[in-house]
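Trainee: Pasting the sequence and the predicted coordinates here, then a few questions.
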Amino acid sequence: MFSQVRFSLIFVLLLTVQGVWAQSEAGGATLGGTVTDPSGAVITGAKVRVSNELTGLARETVSNASGVFSLPRLPIGQYSLVVEMAGFKAAKRTDILLGVGAVLSLEVKLEVGAATEQVTVTGDVPIVETTRSQSSTSVNERAVKDLPINGRNFLDFTVLTPGVVRDPRGGDLSFGGQRGTSNALLIDGNDANNTFFQQSSGRTGVRNPYAFSQEAVAEFQVNTNGYAAEIGRAGGGVINVVTKSGNNELHGSAFWFLRQRFLNANTFINNSRGIARQPYDFDQFGGTVGGPVVKNKLFYFVSYDGQRNLQPVAPLPALNIAAGSPQAAVVASLAQYFVPYTQGSNNNTFLAKADWTINDKSNLTIRYNMGRFTGKNFENGGAQRAQEATGNSQNNTDNVTGSYTRVLSPTMLYDARATYLQDKAPGEANSAGPEVNIFEAGARVISYGRNSFSPRFTNIKRFQTIHSVSKTVGTHTMKFGADLNFDRIANFFPGNFSGIYTFNSLADYAARRPFSLVQGFAGQGTDGATTKPNVSEYAFYGQDSWRATD
């Protein structure tokens, strides 16, 4: 009995704490408010109707005994609101812009008059969300489209948020001084993280330049603290992203950025060594198209984004070696490993999305995103590494999500989401022989042979399902839900399995006298270099937000 009471008290306390911060929307927005008469008294039973001005999507509710109405889980976009009550003029508000994660509150005051009369207010929408105190910054579609960015990784825009900087581990972001592994990325309300590496799916910005096209991102919200339990799993920041959708207007875009080798001069080092101008090609291209299949009912959106980036690598010793010296003779014997080669980035992303208004109570959205990346000679490449000491890196990502909302009553909404994510990251090796590292005076001369950790792979398959119910009672809007997340991971990492020879001088290399040999073996009782750190998460949450009344 005591444990049941203790559990109830803890649960109520959790709800109270969540209410202080109020709730945010993962992948959508909430519009609410209070309906009053000219004297300020609340009006019960007023009919509230909201409609999207571009898709025709409509949602209805009524004000309750406290005069409060709430419309959660609305897709982002521009809306108009109509409030009607017998004995009062209808009130209409237009140009209500709902961004991702927004929880917007309106005060609607009805004037006495005939129901056939209407009072229209345009542009009278609060800029500050007064119902919550979380800290967040929104990057809207115009900013994503127009602000300059190098490489088309939309996540780079998060550094415009106060307290967000680059993490020392390349490609990661640090929120408030915390490590980049503490963050979470949500796309269309679903988890889009690589659990093994603690980065976004596709390892965006680390291996892959991007897994989702900048052109397919409608907008996103950067939450730095105080975010709701619904969008947890992070001690740092939460990036809440919504992809674009089609609407009643046929629209599209196209882009192309080109930088070719014939526009570049040769480098001083290449000229000094008699090496011809090496290739440097950088192409970025793609486009989008979206529109209606059935007006006000069914819409589509499709995007493609490609990137081709070739950069030359000319291996050189990390120190000057005098011509005619014994060391120079040894270096000459290594000439086959100082041949220039090319590193390249070949990236393709494709997104297809469908939005269906089934009826006035139900909506369904399905979205598929594909990412295919090959990093030519990305595996441990560098200026003192021969081509055979590298290999190709790949990141192949498939992300399928579905979202279904159902209006159960004027004050209750059911929301279901599901996602299947497949993230495969194999790394290849250009050689089967052992790795050889040669140094002189503490500086690396050259490395050749199979690099220490390839071939390898890290494959993740995820199934996630989220279910929640939102209920408005009095001045409270409560949400209860469950989030089930299952990751199946296979990691193959044959570290040092081919052996590593280290020579501390060119003379030692000429005499075949290694300083050390490192050799990795499978541990006793293990299945070799493969591990399976599977993860299963079961999250149940409740949160409550309320409106203060006089």
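Mentor: The structure has been received and is ready for your questions.

Trainee: all contacts plus neighbour counts: C-alpha atoms, from now on.
Mentor: Will do.

Trainee: Please report how far the nearest residue to Thr342 once chain neighbours are set aside lies from Val331.
Mentor: Nearest residue to Thr342 in three dimensions, chain neighbours excluded: Pro312, at 4.5 Å (CA to CA, 6 or more residues apart in numbering). Distance, Pro312 to Val331, using CA to CA, to the nearest Å: 21 Å.

Trainee: cool, Phe262 as well?
Mentor: From Phe262 across to Val331, the span is 32 Å (CA to CA).

Trainee: mean confidence score for stretch 335-355?
Mentor: Stretch 335-355 carries an average pLDDT of 93.

Trainee: brain fart, stretch 497-510
Mentor: Rounded mean pLDDT across stretch 497-510 is 93.

Trainee: Pull out the CA atoms of that stretch and give them to me as CSV.
Mentor: Provided in CSV are the C-alpha atoms of stretch 497-510 (Å, rounded to 0.1, in the frame of the first residue of the first chain):
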residue,chain,number,x,y,z
PHE,A,497,44.1,-8.0,-37.0
SER,A,498,46.5,-7.6,-39.9
GLY,A,499,49.4,-6.5,-37.8
ILE,A,500,51.2,-3.1,-37.6
TYR,A,501,55.0,-2.8,-38.0
THR,A,502,56.6,0.5,-36.8
PHE,A,503,60.1,1.6,-37.8
ASN,A,504,61.5,4.5,-35.9
SER,A,505,64.0,5.5,-38.7
LEU,A,506,64.7,5.0,-42.4
ALA,A,507,67.9,3.1,-41.5
ASP,A,508,65.9,0.6,-39.4
TYR,A,509,63.4,0.2,-42.3
ALA,A,510,66.3,-0.5,-44.7
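
Trainee: And for that stretch, what's in contact with it?
Mentor: 327, 330-331, 432-442, 450, 452-453, 513-521 (CA atoms under 8 Å, 6 or more residues apart in numbering).

Trainee: Any quick ChimeraX command for the buried ones out of those residues?
Mentor: Buried residues among these (16 or more other CA atoms under 10 Å), as a ChimeraX selection:
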select :327,331,434,435,436,437,438,439,440,450,452,453,514
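
Trainee: taking the contacts of stretch 497-510 one by one, which sit in helices?
Mentor: Counting by DSSP state H, the contacts of stretch 497-510 place 327, 330-331 in helices.

Trainee: could you dump the residues you listed to JSON lines with distance to Tyr341 and pLDDT?
Mentor: Shown next, in JSON lines, are the ones in helices among the contacts of stretch 497-510 (distance: CA to CA, whole Å; pLDDT from 0 to 100):
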{"residue": "Gln327", "distance to Tyr341": "24", "pLDDT": "89"}
{"residue": "Val330", "distance to Tyr341": "22", "pLDDT": "92"}
{"residue": "Val331", "distance to Tyr341": "18", "pLDDT": "91"}
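
Trainee: what's the closest of these to Leu258?
Mentor: Closest to Leu258 out of these is Val331 (38.3 Å), distances taken as CA to CA.

Trainee: The closest one and Ile275, how far apart?
Mentor: 17 Å.

Trainee: Asn359 now?
Mentor: Distance of Asn359 to Ile275, given as CA to CA: 67 Å.

Trainee: Same question for Ala86.
Mentor: The gap separating Ala86 from Ile275 is 85 Å, by CA to CA.

Trainee: ok, now Leu421?
Mentor: Going from Leu421 to Ile275 by CA to CA gives 45 Å.

Trainee: So which of these two has more stuff around it?
Mentor: Neighbour count, other CA atoms under 10 Å: between Leu421 and Ile275, Leu421 has more, with 24 against 15.

Trainee: what are the ranges of the helices in the stretch 451-550 of the chain?
Mentor: With DSSP state H, counting those that start in this stretch, the ranges of helices along the stretch 451-550 of the chain come out as 506-510.

Trainee: typo on my end, the stretch 151-300 of the chain
Mentor: Remark: helices assigned in the stretch 151-300 of the chain by DSSP H, counting those that start in this stretch are 268-273.

Trainee: coming back round to it: which element is the residue nearest to Thr342 on?
Mentor: Secondary structure from DSSP states H and E places Pro312 in strand 298-313.

Trainee: host element of the residue lying farthest from the centre of the chain?
Mentor: Ranked by distance from the centre of the chain (CA atoms, centre = their mean), the top residue is Gly324, with 55.4 Å. Gly324 belongs to no helix or strand when elements are defined using DSSP H and E.

Trainee: Angles on the backbone of it, please.
Mentor: phi 80, psi -10 (degrees, to the nearest 10).

Trainee: If I look at it, what pLDDT would I see?
Mentor: At Gly324, the predicted lDDT confidence score is 84.

Trainee: For Ala41, see how far away it is.
Mentor: Using CA to CA, Gly324 is found at 97 Å from Ala41.
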